[in-house]
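1. Sequence plus the predicted model coming up.
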Amino acid sequence: MKMRLFFIVFLLCPLLAGSQHHGDYPIQPVPFTALTLTDDFWKPRIKVNHQVTIPIAFGHCESTGRIRNFEVAGGIIPGTFSTKYPFDDSDVFKIIEGAAYSLQTFPDPALDAYLDTLIMKISMAQEDDGYLYTNRTILGDSGHPWIGTERWQNTHLHSHELYNMGHLFEAAVAHYRATGKNSLLNVAVRAADRIGEDFGPDARMSYPGHQGIGIGLVKLYHLTNETRYLELARFFLDARGDGPEYCQAHLPVTQQREATGHAVRATYMYAEMADVAAITKDTAYIHAITAIWDDITGSKMYVTGGIGSTAGNEGFAEPYFLPSRTAYCETCASIGNILFNHRLFLLHADARYYDVLERTLYNAMLAGVSLSGDRFFYSNPLESGGEHQRSEWFGCACCPSNICRFIPSVPGYVYATGQDEIFVNLYMSNEALIPLGDDTIGVVQQTDYPWDGKVSITLDPKKKNRFTLRLRIPEWTGEAGSAECLYYFSDSLQLRPGITINGVNVAYRIENGYAVLNRQWRPGDELMLYLPMEVRRVRVCEKVEDARGKVAFQRGPIIFAAEGADNNGRVLDLLLDENVRTGTMFEKNLLNGAQTLNAKAMVVNYSSPEGPVILVPVEMKLIPYHLWNNRGPGEMRVWFPLEGM
């Protein structure tokens with residue numbers, strides 16, 4: 001025991017001394033801990049996540065036996081494995097990660113103490129040589145049929161042994177950064193070293209059937225400066241090439257150019273490739289994931305930013321197969337899509353990746369959790385006849401636990417820095433201190449986004465400092481686009497954002513989707529960005545059969561949907577004129593405050609099966625898609641058929 005503790009302290013010495021790793025993304029995100037969020041849209045959601053979602057998620061882990069599994073494996077209590085799936089340990093790890101993030105925004109001694117007790121149980125469940133997987137520890141090699149008859153035997157298929165460890169590593173790094181405690185980090189280091197001994201060119205040549213460990217290994221590398229974790233992450237990527245398409249193992253990763261298989265596994269792997277490429281400068285990885293992004297955004301992504309259209313593989317289908325009613329769009333896949341696009345931005349400094357990130361963030365991802373924070377969607381369809389309803393929990397609970405850890409991290413996507421430049425990527429009210437070179441730039445952002453496009457940014461450099469400010473100009477302010485694109489605007493609106501500095505209009509150039517402003521900034525300089533938020537009519541290319549000849553509505557980053565609760569229970573038989581005009585208003589007493597759209601439509605009635613069709617004029621109301629199903633089940637749709645189409 002003394003030798004083990006000595007090794008752990010020795011390993012962490014570089015970390016404690018503040019040593020630096022070599023190589024990283026050319027653009028660096030500003031961590032959420034550098035921001036104080038004052039935003040009316042996101043701050044309440046992050047607070048609900050802390051006060052409701054994380055506690056109820058831990059409660060479900062207690063009541064379903066997920067935490068009991070650690071107690072049994074650690075010899076604290078007698079018993080057997082209590083849950084359905086062998087990967088259920090991962091839910092506990094993800095919620096710990098979310099709790100650690102949340103502690104940095106909402107100091108909570110009770111939650112901190114709860115984590116200490118939970119981590120003690122996890123450490124006791126870890127076997128002497130570092131292996132941690134409660135199903136096998138409790139049941140031996142005759143446990144769940146997915147795990148195989150020996151360690152790691154089915155890790156390339158369904159055992160999830162390595163997937164679990166990826167979430168452990170991420171939780172351990174988050175917990176250390178939040179509390180300064182080594183308790184969970186010690187567990188993670190021992191587990192990572194066990195894996196490092198068991199896998200590699202001179203050991204087991206295999207790969208994770210469910211990706212995720214690579215993200216955690218790279219985070220361990222950044223924290224400890226131990227290159228063996230980075231090398232192990234790369235090994236798990238390069239070991240692929242002769243396996244199933246379902247888990248993206250059908251080709252070497254550098255030869256893949258299309259998004260295939262399970263969507264969550266895919267996006268986690270693409271994020272891992274970006275992480276490794278950023279450090280190693282492996283251009284083959286970068287070429288592969290950039291081509292895959294083109295494939296997703298060109299033919300396999302929903303207008304909400306959701307990905308993964310089929311339930312059978314929880315993933316990608318052939319190009320342009322994007323059915324609305326049966327859309328899978330797993331909440332975890334939306335989070336994976338955000339992680340992937342964020343990393344591509346950090347590599348390329350191009351706003352088009354943030355355009356996808358924002359689309360997914362405000363629509364497909366946010367629809368996965370109720371306003372109350374205690375109901376969840378696993379899949380997120382774009383049409384419903386009333387058969388869909390959020391659930392309190394799931395047997396496979398990856399989505400609620402992923403929500404727990406993602407929501408408190410959202411402020412970390414607002415800003416980024418490069419060489420003498422600050423990127424403003426998302427618009428939400430906050431106060432931030434952004435390190436830039438030898439200066440620290442105070443930034444105060446005020447806005448009612450996403451409901452309003454007016455953004456105030458006040459700068460406070462501590463020195464007189466010339467630097468470049470890059471403001472993302474969202475793609476939804478742009479030109480209509482072409483019918484050859486996956487999605488395009490059918491209107492002819494000419495929108496150009498305006499910018500003033502200290503009340504004076506300024507000219508700007510656009511570079512990679514950013515308004516570029518290079519000047520000598522002084523304390524108190526106030527920049528105003530005016531993003532015109534007109535309602536846009538969205539159309540889809542002819543190759544998408546399900547939405548062909550239909551229209552959807554977008555205002556700012558928000559995709560809208562009609563729900564039965566606002567339309568006399570009926571939306572599936574609504575028909576619109578191709579040139580339909582829409583009005584908009586903010587309703588502060590609706591769904592905690594929401595922008596709504598209204599338009600004239602027609603309800604299709606049939607006098608008899610053989611009789612004439614009767615069109616009855618009605619007023620149609622639409623709400624943001626992410627808010628649907630907060631008032632119970634009912635009809636809903638995003639795409640509306642057009643008269644005569």
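-> Yes, it's here.
2. Count the residues that sit near the residue nearest to R548 when sequence neighbours are not counted.
-> In this structure, R548 finds its nearest non-sequential neighbour in E542, 5.8 Å apart by Cβ to Cβ, 6 or more residues apart in numbering. In short, each C-beta sits where N, CA and C put it, glycine included. By other Cβ atoms under 10 Å, 11 other residues sit near E542.
3. same deal with H287?
-> 13.
4. Does the helix or strand where it lies pack against any helices or strands, and if so which?
-> Using DSSP states H and E, H287 falls within helix 283-299. Contacts defined by 3 or more Cβ pairs under 8 Å, 6 or more residues apart in numbering; DSSP states H and E place helix 283-299 against helix 263-280, helix 331-348.
5. now the angle from the last one to helix 283-299?
-> Spelled out, it's helix 331-348. 130 degrees (axes from the mean of the first three to the mean of the last three Cα atoms, to 10 degrees).
6. residue ranges for the strands of the stretch 401-550 of the chain, please.
-> For the stretch 401-550 of the chain, strands defined by DSSP state E, counting those that start in this stretch occupy the ranges 415-418, 421-424, 430-436, 439-447, 454-461, 465-472, 487-489, 498-501, 504-505, 509-511, 514-521, 525-530, 535-540, 550-555.
7. So for D40, which of the ones you listed sits nearest?
-> Closest approach to D40 among the strands of the stretch 401-550 of the chain (Cβ to Cβ): strand 439-447, 9.3 Å.
8. Got phi/psi on L615?
-> The phi and psi values for L615, taken as degrees, to the nearest 10, are phi -100, psi 120.
9. Run a quick check on it versus D577, I expect a contact.
-> No: taking contacts as Cβ atoms under 8 Å, L615 lies outside contact range of D577: 10.7 Å.
10. Give me the three-state assignment for F560.
-> strand (DSSP: H, G, I helix; E, B strand; the rest coil).
11. Check the spacing between it and D546 real quick.
-> Distance, F560 to D546, by Cβ to Cβ, to the nearest Å: 18 Å.
12. Out of these two, name the residue with the larger neighbour count.
-> Neighbours were counted for F560 and for D546 using other Cβ under 10 Å; F560 has more, 27 against 18.
13. Could you list which residues are in contact with that one?
-> F560 makes contact with A552, F553, Q554, L597, L622, I623, P624, Y625, V638, according to Cβ atoms under 8 Å, 6 or more residues apart in numbering.
14. Which one of those residues is nearest to R466?
-> Q554 (37.3 Å).
15. Can you tell me, leaving aside adjacent residues, what's nearest to R45?
-> For R45, ignoring the flanking residues on the chain, the nearest one in space by Cβ to Cβ, 6+ apart is I407 at 6.3 Å.
16. Quick one, grab the pLDDT at that neighbour.
-> With respect to pLDDT, I407 scores 98.
17. same question, G23
-> 71.
18. before we move on, what about P252?
-> At P252, pLDDT is 98.
19. Next: G481.
-> So G481 comes in at 69 (pLDDT).
20. do C13 as well
-> Value for C13, per-residue pLDDT: 35.
21. residue contacts, the residue lying closest to M301 once chain neighbours are set aside?
-> Spatial nearest neighbour of M301, excluding adjacent residues (Cβ to Cβ, 6+ apart): I307 at 5.4 Å. I307 makes contact with A259, A263, T267, I296, K300, M301, F316, C329, A333, S334, N337, A364 under the criterion Cβ under 8 Å, 6+ apart.
22. Now, of these, which are buried?
-> Using 16 or more other Cβ atoms under 10 Å as the burial test, those include A259, A263, T267, I296, K300, M301, F316, C329, A333, S334, N337, A364 as buried.
23. Checking the last one next. Helix, strand or coil?
-> What it means is A364. helix.
24. What residue, apart from its backbone neighbours, is nearest it spatially?
-> G306 (3.6 Å).
25. quick one: contacts for that neighbour?
-> Residues near G306 by Cβ under 8 Å, 6+ apart: A327, C329, A333, S334, N337, T360, N363, A364, N380, L382.
26. From these, pick the one nearest A125.
-> Nearest to A125 among those, with distances taken as Cβ to Cβ, is A333, at 29.6 Å.
27. Now do the contacts for the closest one.
-> A263, V264, T267, G306, I307, G308, E314, G315.
28. Would you mind measuring from it to Y378?
-> 10 Å.
29. again with G148
-> 27 Å.
30. All the helices of the stretch 101-250 of the chain, residue numbers only.
-> 109-125, 134-139, 161-179, 183-198, 213-224, 227-238 (DSSP state H, counting those that start in this stretch).
31. picking up where we left off before, so for the residue nearest to A364, what's the pLDDT?
-> 98.
32. go on, V604?
-> 87.
33. swap in F7?
-> pLDDT at F7 comes out at 34.
34. hang on, the earlier thing: could I get the contacts of G306 as a markdown table with pLDDT and distance to N630?
-> Below are the contacts of G306 laid out as a markdown table (pLDDT from 0 to 100; distance: Cβ to Cβ, whole Å):
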| residue | pLDDT | distance to N630 |
| --- | --- | --- |
| A327 | 98 | 19 |
| C329 | 98 | 18 |
| A333 | 98 | 22 |
| S334 | 98 | 18 |
| N337 | 98 | 23 |
| T360 | 98 | 20 |
| N363 | 98 | 15 |
| A364 | 98 | 16 |
| N380 | 98 | 14 |
| L382 | 98 | 17 |
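35. Tell me the one of the residues you listed nearest A274?
-> N337 (12.9 Å).
36. Give me the spatial nearest neighbour of the closest one, chain neighbours excluded.
-> Closest to N337 by Cβ to Cβ, 6+ apart is T360, at 5.0 Å.
37. correct me, but that neighbour touches S334?
-> Yes: counting by Cβ under 8 Å, T360 touches S334, with 5.2 Å between them.
38. intersection of neighbour lists for those two?
-> G305, G306.
39. which residues are contacting the helix holding H287?
-> With Cβ under 8 Å, 6+ apart as the criterion, helix 283-299 contacts 237, 253-259, 270, 273-274, 276-277, 307, 316, 319-320, 337, 340-341, 344, 347-348, 353, 356, 486, 543.
40. Spell out for me which residue occupies the centre of the protein.
-> With distances taken as Cα atoms, centre = their mean, I335 lies nearest the centre of the chain, 2.2 Å away.
41. From V424, how far out is that one?
-> 23 Å.
42. ok, Y207 - how many residues close by?
-> Residues lying near Y207 (other Cβ under 10 Å) number 26.
43. ok, then the element right after the lowest-mean-pLDDT helix or strand in the chain?
-> Least confident helix or strand, the chain: helix 2-16 with a mean of 34, by mean pLDDT, DSSP states H and E. Using DSSP H and E, the helix or strand that follows helix 2-16 in sequence is strand 28-29.
44. wait, what's in contact with R570?
-> Taking Cβ under 8 Å, 6+ apart, one finds G564, V603, E635 in contact with R570.
45. Distance-wise, check the closest residue to the last one other than its chain neighbours relative to K550.
-> If I follow you right, that is E635. Spatial nearest neighbour of E635, excluding adjacent residues (Cβ to Cβ, 6+ apart): G564 at 4.0 Å. Remark: distance between G564 and K550 (Cβ to Cβ) = 18 Å.
46. so where is the protein shaky, pLDDT-wise?
-> 1-22, 480-483, 606-611, 644-645 (pLDDT under 70).
47. Using the record's assignment, carve it into domains.
-> 37-225, 430-473+496-530, 538-641 (automatic domain parsing).
48. how about these, which one is nearest L371?
-> Taking the domains of the chain one by one with Cβ to Cβ, domain 538-641 is closest: 5.2 Å.
49. quick one: terminal-to-terminal distance for the closest one?
-> 12 Å (Cα to Cα, to the nearest Å).
50. next one: it to chain centre, how far?
-> 27 Å (Cα atoms, centre = their mean, to the nearest Å).
51. For E587, which non-adjacent residue is spatially closest?
-> T596 (5.5 Å).
52. tell me which residues form a beta bridge with the one you found?
-> M585 (DSSP bridges).
53. Tell me which helix or strand P55 sits in.
-> Counting by DSSP H and E, P55 is part of helix 54-63.
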